[in-house]
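Trainee: predicted model and sequence below, questions to follow.
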Amino acid sequence: MNTIKRLNLWNGNPPSISGLSGHEISDQEAILELTNVTETELIIYTPDPAINTGTAIIICPGGAYAGLAITSQGYDFAEWLNTIGITGIVLKYRMPNGNKEIPLDDVQESIRYIRKHAAESGIKENRIGIAGFSAGGHLAALSATLFKEEGISNRPDFSMLFYPVISMGQHTQKDTFQNLLGAAASSSVIESYSCEKQVRANTPPALILVSDDDKVVSPVNSTLYYEALKQHGISATLQVFPQGDHAWGIKGFNMFGKKFEHIEEAKVLILNWIRDYC
């Protein structure tokens, strides 16, 4: 039987402040179920010990850095991962409000925390991956390119990106850009937060899944990242589905309530890819 545990990552003392105030806003009927997020939490879904593989995946839900679609792009995915013996860890990261370091602080500390406590959680410290959806895909790709390995490494061992925002340049998603970087980011900041520009030789392998008809985030983001990985000799798989549009979850429906017809194919692809790299 799986178990669910919640913990506050910073214990009320984060290293950076967004300037947001007031309580977190929860609306289960909205696409962005959580907004005004100012506290970082990890929601850890641990699989039945009988099938636990020792692999863990930290999950970054999307929401254009304005809020979090935390059920379809977080809890649902974590529950599905449990069925295949993987610990799913939903990262409820803070909204940046134009303070670009805040989500990156959260994801890097979450990887460091899980790696530090891996043994006691039934996790192998060299099998900690990152997954991200939409803007959460951007955050996941940041963690795979801007990591630090001194001390307890915050480098993920692999990444899984679902219809991700990757670039802060020409093909970016406007709301994601502005919520993270503000309205007038410098060219150097834009380059630093464009993940395709930050790939290096030890960037981890990636699985990238995107729909060709995505009208919210250009699929070019995914191809840019794939090309950058291949230029550096990094193993990567890019799957472009002909249909699905944006923000489909593991239950097979997108943000517009339309069916994603390739969800079973996607599940098989994810499962086989994880087995190859873990």
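Mentor: Structure's in. What do you need? None of the values given here were measured: they were computed from a predicted structure.
Trainee: the stretch 1-150 of the chain: helices as residue ranges?
Mentor: Along the stretch 1-150 of the chain, the segments classed as helices by DSSP state H, counting those that start in this stretch run 76-83, 101-116, 135-145.
Trainee: now these as JSON lines including mean pLDDT?
Mentor: Below are the helices of the stretch 1-150 of the chain laid out as JSON lines (pLDDT from 0 to 100):
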{"stretch": "helix 76-83", "mean pLDDT": "98"}
{"stretch": "helix 101-116", "mean pLDDT": "98"}
{"stretch": "helix 135-145", "mean pLDDT": "98"}
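Trainee: pick the most buried one from the ones you listed.
Mentor: Most buried of the helices of the stretch 1-150 of the chain, by mean neighbour count (mean count of other CB atoms under 10 Å): helix 135-145, with a mean of 29. In short, each C-beta sits where N, CA and C put it, glycine included.
Trainee: now do that helix against helix 101-116, angle only.
Mentor: Interaxial angle of helix 135-145 relative to helix 101-116 (axes from the mean of the first three to the mean of the last three CA atoms, to 10 degrees): 60 degrees.
Trainee: helix 135-145 packs against which elements?
Mentor: For helix 135-145, the helices and strands in contact under the criterion 3 or more CB pairs under 8 Å, 6 or more residues apart in numbering; DSSP states H and E are strand 56-60, helix 101-116, strand 128-133, strand 159-162, helix 174-181.
Trainee: at 7 Å what do you get?
Mentor: Judged by 3 or more CB pairs under 7 Å, 6 or more residues apart in numbering; DSSP states H and E, helix 135-145 is in contact with strand 56-60, helix 101-116, strand 128-133, strand 159-162.
Trainee: show residues contacting it.
Mentor: Under the criterion CB atoms under 7 Å, 6 or more residues apart in numbering, residues 60-65, 73, 93, 103-104, 107-108, 111, 130-132, 156, 159, 161-166, 176, 195, 198-200, 203-204, 206, 225 lie in contact with helix 135-145.
Trainee: could you flag which of the residues you listed are buried?
Mentor: For those, burial is judged from neighbour counts taken by 16 or more other CB atoms under 10 Å, and it is met by 60-65, 73, 93, 103-104, 107-108, 111, 130-132, 156, 159, 161-166, 176, 195, 198-199, 203-204, 206, 225.
Trainee: confidence score at the nearest residue to residue 252 once chain neighbours are set aside?
Mentor: Using CB to CB, 6 or more residues apart in numbering and skipping residues adjacent in sequence, the residue nearest residue 252 is residue 263, 3.7 Å away. Per-residue pLDDT puts residue 263 at 98.
Trainee: tell me, how many residues neighbour residue 263?
Mentor: 17 (other CB atoms under 10 Å).
Trainee: please apply the same query to residue 197.
Mentor: 16.
Trainee: that one reaches residue 188, doesn't it?
Mentor: No. Between residue 197 and residue 188 there is no contact under CB atoms under 7 Å: 10.7 Å.
Trainee: just the strands from the stretch 151-278 of the chain, written as ranges.
Mentor: 159-162, 206-211, 236-241 (DSSP state E, counting those that start in this stretch).
Trainee: pLDDT on the last one, on average?
Mentor: It stands for strand 236-241. 98.
Trainee: relative to it, what are the paired strands and their orientations?
Mentor: When pairs are called by DSSP bridges, strand 236-241 turns out to pair with strand 206-211 (parallel).
Trainee: ok, and what's touching the partner strand?
Mentor: 144, 159-163, 219, 222, 225-226, 229, 236-241, 243-245, 266, 270, 273.
Trainee: show me how far that strand is from its chain's centre.
Mentor: Centroid separation for strand 206-211 versus its chain: 12 Å, with CA atoms, centre = their mean, to the nearest Å.
Trainee: try stretch 231-247
Mentor: Per CA atoms, centre = their mean, the displacement of stretch 231-247 from the mean C-alpha position of its chain is 15 Å.
Trainee: over to stretch 249-263?
Mentor: Relative to its parent chain, stretch 249-263 has a centroid offset of 18 Å by CA atoms, centre = their mean.
Trainee: over to stretch 216-228?
Mentor: Chain-centre distance of stretch 216-228: 15 Å, with CA atoms, centre = their mean.
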